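Asker: Quick one, structure for this:
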Amino acid sequence: MRQRSNRAVKWALIILSCIMVLCILLTSAFALPSFAEGEKTENSTENSNEKYTSVSDFDKSDVTLGVVEGFIFGDVASQKLPNAHIVFYPDREAAFKDLTFGKVDGVVDDDAIIRSILRSTDNLYMVEGYLENSDYAFIFSKNDKGEKLSESFSEYIKSLKSDGTMAELDEKWFGNKTNNKKSEDIPSYSADEDKQNIILALSDDGSIPFSYLSAEKPVGYDIDVIIGFCKEYNYSVTVKMTDFEDMQKGVEEGRYDLGCGGITVTEERKQKLLFCEPDYSGGVAICALRAEYSQSGGVAPGRTGSSKMKDLEAAREGWFASFVRHLKYTFVEENRYLLFTKGILVTLIVSITSIILGSLFGFILYKGSKRGRLVEKIFSRVVLWLVQGVPAIMIIMLLFYSFYRNMAVGSLLASVTGFTFVFAEMCSRNIDKNSKCINEGKLADDYRLEYFDDSHFVKEIFNANGKRMLEDYRDDIILLIKMSSVIGYVSAQDMVKVFDKIRMESLETMIPLIATTLVYMIIIKIITGILGHFIKGRDVVAEDFDDIDELDGPGED
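Answerer: So this is what the prediction gives:
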């Protein structure tokens, strides 16, 4: 009867999982064709009569502008266009998606970002003029080495401007071609070579197209500049990946020699950092939707309603073909599948290593808290108390910023250490709970009084309550793998962090979201399936071991 019940539960879980996957695929199937309306079509025109021809056209009460939170764009738009209605978005992807569907009249952003986005679609255009002019340049430390580097960079960038190389880089990284967005390898440091070494800080969040990671290799407009500079001036480079805030602080403190990635030159930053000659000049611009694609602006002059519908129907090539096209664009172009593969490996490394180390450390903590000496008891109980009361992400961030921040693999070490503590607390609690369940805690008390050695205690607890203990252990593993999604906060390139990077690079959400969700499901199912194999063979329960009450002395069975 029990086997029949277990089989029914097993099939119910399989059917439920299949339904979840089907729902995700159906969601993408219906979402992608509608998004295809915003894709390029062969019949689209570049010089149509647009509704907005300059930034001043947006200074009206019936105009809605989208801006991304955390940037200066909201303040600039409010100052320059006081009559416009401002809507804030959590990220660029959400803002530009709403613009594509005509929910806002324009999106305010750096012109470099807008130009990069325009490479993948014809339904948007950049309005003429800037709300605010700005320059972008490399940053350097305010010390002798930084001053020398800054002067050399300025000379080199001026030479690139005069011989036309900078214009070629502009066309390469901001042009419509997609197969040329590649950079050579940055000259890495080698003790055998007679080269001066400089430490370059790059933001792991990326700043497309100035500097970002493609297949785990730095590429971009600024990267090409620094590669050419190193060849010209005989430098080698040690690359440090970090967040944007630490990049600026590290260069200011002299931990890094320079940083790059579309860094805006501001008076506030000039007080702490040195800037070289700007390698790009632009400003805060507005991106708008072409009139022919507008849901409320009617049909563009020279195009009938039927011709517009044909264009839209051509874009609706079927959900499967659209799905395949988006899949190829998201992962195959610029080898982003390699980035996603690394994200999977990082998640697996952190999860599996934490599970193994946490299992061992968990028993040590349990033993120390129950039968250790005074110092061991205090240490074990304080660790358990702290881990129980502090969220996992805070533990990891404390470890990262206190100990591991400046290490090459610091984010991985902080994540493994933090989750080892978290899983150890789970395992300790699991042992304590299951040992107390046996005959009102007699087994736990006998172990505390040193009636059992460690191996005998483990043997008896598994004999008496092994199936339930393994089930709890499996649940803890599932919880840990799900919690691992937060390690991107310390710059670890796990699946969620990579999902974010791919989403920002490709402006695609559904495909990377589906891929990340399915991979998490597969990882959890495989690991728990292995444990399930051991659990299946354990049909014993505590009631089958009534003779355990006879365990009154050391070593007695």
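Asker: CA atoms only for whichever strand or helix holds residue 251, dumped as PDB, please.
Answerer: Per DSSP states H and E: residue 251 is located in helix 244-253. Provided in PDB are the C-alpha atoms of helix 244-253 (Å, rounded to 0.1, in the frame of the first residue of the first chain):
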ATOM      1  CA  PHE A 244      31.700  50.400 -10.600                       C
ATOM      2  CA  GLU A 245      31.800  51.800  -7.100                       C
ATOM      3  CA  ASP A 246      34.900  49.900  -6.100                       C
ATOM      4  CA  MET A 247      36.500  50.700  -9.500                       C
ATOM      5  CA  GLN A 248      36.400  54.400  -8.700                       C
ATOM      6  CA  LYS A 249      37.400  54.000  -5.100                       C
ATOM      7  CA  GLY A 250      40.200  51.600  -6.000                       C
ATOM      8  CA  VAL A 251      41.700  54.000  -8.600                       C
ATOM      9  CA  GLU A 252      41.400  56.800  -6.100                       C
ATOM     10  CA  GLU A 253      43.300  54.800  -3.400                       C
END
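Asker: isn't residue 531 right up against residue 470?
Answerer: Yes. The pair residue 531 / residue 470 is scored as a contact, 6.3 Å apart, by Cβ atoms under 8 Å. Where C-beta positions appear, they are placed from N, C-alpha and C, glycine not excepted.
Asker: pLDDT value on residue 343, please?
Answerer: In the predicted model, residue 343 carries a pLDDT score of 85.
Asker: list the buried ones in the one helix or strand it maps to?
Answerer: Following DSSP H and E, one finds residue 343 within helix 336-371. When neighbours are counted by 16 or more other Cβ atoms under 10 Å, the buried residues of helix 336-371 are found to be 336-337, 339-340, 342-344, 346-348, 350-351, 353-355, 357-359, 361-371.
Asker: what's the answer for stretch 154-168, then?
Answerer: For stretch 154-168, by 16+ other Cβ under 10 Å, it's 154, 156, 157, 160, 165, 166.
Asker: Select, from those, the two members most distant in space.
Answerer: 154 and 165 (15.1 Å; Cβ to Cβ).
Asker: Mean confidence (pLDDT) on stretch 111-127, please.
Answerer: Computed over stretch 111-127, the average pLDDT equals 82.
Asker: so how far is it off the chain centroid?
Answerer: 24 Å (Cα atoms, centre = their mean, to the nearest Å).
Asker: and the end-to-end length of it?
Answerer: End-to-end distance for stretch 111-127: 10 Å, by Cα to Cα, to the nearest Å.
Asker: in it, what's buried?
Answerer: Going by 16+ other Cβ under 10 Å, stretch 111-127 has these buried residues: 111-118, 120-127.
Asker: And for stretch 513-527?
Answerer: 513, 514, 515, 516, 519, 520, 523, 524, 527.
Asker: Quick one: list the elements packing against the longest strand along the chain.
Answerer: Ranked by number of residues, the top strand in the chain under DSSP state E is strand 280-289. Identification of packing neighbours for strand 280-289 by 3 or more Cβ pairs under 8 Å, 6 or more residues apart in numbering; DSSP states H and E yields helix 73-80, helix 92-100, strand 106-110, helix 111-118, strand 124-126, strand 132-136.
Asker: Of residue 531 and residue 470, give the one with the bigger neighbour count.
Answerer: Neighbours were counted for residue 531 and for residue 470 using other Cβ atoms under 10 Å; residue 470 has more, 20 against 16.
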